[in-house]
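Colleague: need a 3D model of the following:
(one chain, ligands or ions: 1)
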Amino acid sequence: MKVLVINSGSSSLKYQLYDMTDESVLAKGLVERIGMDSSILTHKPTGKDEVTEVSEILEHNTAIRKVIDKLTDKTHGVLESVSEINAVGHRVVHGGEFFKESAVVDQQAKKDIRALIDLAPLHNPAAIMGIEASEINMPGVPQVVVFDTAFHQTMPEKAYLYAIPRVLYNKYKVRRYGFHGTSHYYVSRAAADFLGKPLEDLKVITAHIGNGGSLTAVQGGISVDTSMGMTPLEGLMMGTRSGDLDPAIVPYVMNKEELTVSEVNLMLNKHSGLQAISGISSDMREITDGLEKGDPHSTLAFEMYEYRLRKYIGSYAAAMNGVDVLVFTAGVGENSAIVRKAVCENLSYLGVEIDEELNKVRSGDPRRISTPNSKVEVLVVPTNEELVIARDTYQLINK
Ligand code: AMP
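Modeller: Sure thing, here's the model as predicted:
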């Protein structure tokens with residue numbers, strides 16, 4: 001049984017083909033610059049050479065057709081025919097309150113995903129394009145949607161409501177949803193497996209810190225709080241996003257600088273965070289390079305990033321009245337020993353103690369970086385959102 005996982009963005013499309021008999025990846029790849037000139041398809045069949053092709057790909061339908069061409073290509077392919085694909089799993093960013101778990105795509109599911117475009121104007125239209133392009137190119141093949149928000153639907157009202165007039169929730173569903181749910185779900189379970197303990201008995205804080213970043217308090221296996229809100233802008237300081245700020249700043253700055261709604265959105269989403277404070281980059285590698293060279297702006301950006309991350313960890317330990325496991329994942333969490341060290345050094349009041357040598361180890365497997373004396377198990381767990389999507393897809397269509 002083979003499952004094609006698709007992560008469709010507005011101008012890009014990532015894919016991975018799984019053989020679910022052993023959950024191996026047969027091929028993966030990426031189509032970039034959809035709708036622009038010189039679109040690029042990069043295809044990596046497992047055990048064979050990577051191929052890159054530049055052509056004009058105007059929309060998602062053509063992108064999927066090209067992906068299928070590559071998957072079934074005589075030289076670079078891994079399938080005899082497209083009919084070997086048994087199901088398609090799609091990543092969808094916003095499931096709102098409609099989707100508490102993954103779902104098989106039908107007319108109602110598509111209608112609900114469309115109804116959420118207001119809440120995710122950049123992401124949900126792309127997901128719909130990916131779904132419809134798959135329907136055209138793989139007619140009759142069942143499709144499943146897996147949501148970034150679904151794992152957080154267990155948050156209690158006290159965590160998800162904003163302290164603003166209730167009518168805004170009733171009319172427009174203004175509330176906190178949280179994102180990166182597939183990743184928080186995966187790494188919390190992988191952490192419990194690694195420790196050989198039942199997740200139901202654990203208080204886990206998962207730190208998914210990459211270009212975007214969010215923290216989740218996972219208690220008894222479910223999400224009880226998470227740092228992103230109605231949109232992925234709330235919470236931690238990120239590569240180019242501001243994270244938390246006084247909401248009064250928005251009308252103040254709009255007024256002073258005569259900014260439109262889209263301009264202020266652009267400022268907070270694309271021109272803030274590490275990028276704004278360092279003036280150099282949104283990439284943690286460049287920030288830590290700057291830190292090591294003594295650049296004052298990079299140093300401040302690093303300190304703000306770490307300080308805010310640490311404050312959130314403390315607040316989630318408070319939310320759960322304790323923490324047994326702290327998990328780092330995603331680009332920064334998996335790779336940046338210096339960020340992990342800075343955060344953990346300042347969590348000694350929780351009994352966190354990390355082993356500096358273990359912290360420096362690089363590996364693609366889950367690993368412990370805390371000492372045997374540490375009161376909190378600190379782990380690095382590589383995330384795998386595609387695998388969760390493939391598993392959910394497989395399970396749902398076999399129900
Ligand atoms: P992600 O969004 O999970 O793909 O993470 C991407 C981000 O991870 C990049 O923008 C970098 O900031 C960060 N990153 C990747 N590799 C490293 C590394 N070796 N050290 C520090 N940060 C890294």
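
Colleague: for residue 146, give me its contacts.
Modeller: 89-92, 102, 182, 388-389, 392-393 (C-beta atoms under 8 Å, 6 or more residues apart in numbering). Placement of C-beta: from N, CA and C, glycine included.

Colleague: wait, is it part of a strand?
Modeller: Yes. Under DSSP: H, G, I helix; E, B strand; the rest coil, residue 146 sits within a strand.

Colleague: so it bridges to which residues?
Modeller: Beta-bridge pairing for residue 146 (DSSP bridges): residue 91.

Colleague: so for it, what's the pLDDT?
Modeller: With respect to pLDDT, residue 146 has a value of 98.

Colleague: figure out the helix or strand that the residue lying closest to residue 78 once chain neighbours are set aside lives in.
Modeller: Among residues not flanking residue 78 along the chain, residue 26 sits closest, at 4.4 Å (C-beta to C-beta, 6 or more residues apart in numbering). Assigned by DSSP states H and E, residue 26 belongs to strand 24-32.

Colleague: using CSV, list the CA coordinates for that strand.
Modeller: What follows is strand 24-32, C-alpha atoms only, in CSV (Å, rounded to 0.1, in the frame of the first residue of the first chain):
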residue,chain,number,x,y,z
SER,A,24,9.8,3.6,4.0
VAL,A,25,10.1,6.7,1.9
LEU,A,26,10.3,5.7,-1.8
ALA,A,27,10.8,9.2,-3.1
LYS,A,28,10.4,12.8,-2.1
GLY,A,29,10.7,16.2,-3.7
LEU,A,30,9.7,19.7,-4.1
VAL,A,31,8.2,21.9,-6.8
GLU,A,32,9.1,25.6,-6.3
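
Colleague: so the following helix or strand past it versus strand 24-32, what angle?
Modeller: Once the chain leaves strand 24-32, the next helix or strand it forms, by DSSP H and E, is strand 39-45. Angle, strand 39-45 to strand 24-32, by axes from the mean of the first three to the mean of the last three C-alpha atoms, to 10 degrees: 170 degrees.

Colleague: how far does strand 39-45 sit from the chain's center?
Modeller: Chain-centre distance of strand 39-45: 22 Å, with C-alpha atoms, centre = their mean, to the nearest Å.

Colleague: equivalent analysis for stretch 71-84, please.
Modeller: Stretch 71-84 has its C-alpha centroid displaced from the chain centroid by 29 Å (C-alpha atoms, centre = their mean).

Colleague: try stretch 204-219
Modeller: Here the centre of stretch 204-219 is set off from its chain's centre by 10 Å, with C-alpha atoms, centre = their mean.

Colleague: sorry, back to before: make JSON lines out of the contacts of residue 146 and add neighbour count, pLDDT and distance to residue 272.
Modeller: Converted to JSON lines, these look like this (neighbours: other C-beta atoms under 10 Å; pLDDT from 0 to 100; distance: C-beta to C-beta, whole Å):
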{"residue": "89", "neighbour count": "29", "pLDDT": "98", "distance to residue 272": "33"}
{"residue": "90", "neighbour count": "24", "pLDDT": "98", "distance to residue 272": "30"}
{"residue": "91", "neighbour count": "23", "pLDDT": "98", "distance to residue 272": "25"}
{"residue": "92", "neighbour count": "31", "pLDDT": "97", "distance to residue 272": "26"}
{"residue": "102", "neighbour count": "22", "pLDDT": "98", "distance to residue 272": "32"}
{"residue": "182", "neighbour count": "25", "pLDDT": "98", "distance to residue 272": "25"}
{"residue": "388", "neighbour count": "22", "pLDDT": "98", "distance to residue 272": "30"}
{"residue": "389", "neighbour count": "28", "pLDDT": "98", "distance to residue 272": "30"}
{"residue": "392", "neighbour count": "23", "pLDDT": "98", "distance to residue 272": "33"}
{"residue": "393", "neighbour count": "28", "pLDDT": "98", "distance to residue 272": "35"}
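
Colleague: take the residues you listed and keep only those in strands.
Modeller: Using DSSP state E, the subset of those located in strands is 89-92.

Colleague: what is the nearest of the residues you listed to the ligand?
Modeller: residue 91 (13.7 Å; C-beta to the nearest ligand atom).

Colleague: where along the stretch 1-150 of the chain do the strands fall?
Modeller: Along the stretch 1-150 of the chain, the stretches classed as strands by DSSP state E, counting those that start in this stretch are 2-8, 13-19, 24-32, 39-45, 51-55, 85-92, 103-104, 143-147.

Colleague: okay, angle between the third one and strand 13-19 too, please.
Modeller: For strand 24-32 against strand 13-19, the angle between stretch directions is 170 degrees (the same axes, to 10 degrees).

Colleague: next one: strand 24-32, is it in contact with the ligand?
Modeller: No. Applying C-beta under 6 Å from any ligand atom, one finds strand 24-32 out of contact with the ligand, separated by at least 12.5 Å.

Colleague: which strands and helices sit next to that strand?
Modeller: For strand 24-32, the packing partners by 3 or more C-beta pairs under 8 Å, 6 or more residues apart in numbering; DSSP states H and E come out as strand 13-19, strand 39-45, helix 60-71.

Colleague: can I get those in JSON lines with mean pLDDT and mean neighbour count?
Modeller: Formatted as JSON lines, the helices and strands packed on strand 24-32 follow (pLDDT from 0 to 100; neighbours: other C-beta atoms under 10 Å):
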{"stretch": "strand 13-19", "mean pLDDT": "98", "mean neighbour count": "22"}
{"stretch": "strand 39-45", "mean pLDDT": "97", "mean neighbour count": "20"}
{"stretch": "helix 60-71", "mean pLDDT": "96", "mean neighbour count": "22"}
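
Colleague: same list (these) but as a markdown table, adding distance to the ligand.
Modeller: Converted to a markdown table, the helices and strands packed on strand 24-32 look like this (distance: least, C-beta to the nearest ligand atom, whole Å):
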| stretch | distance to the ligand |
| --- | --- |
| strand 13-19 | 11 |
| strand 39-45 | 16 |
| helix 60-71 | 21 |
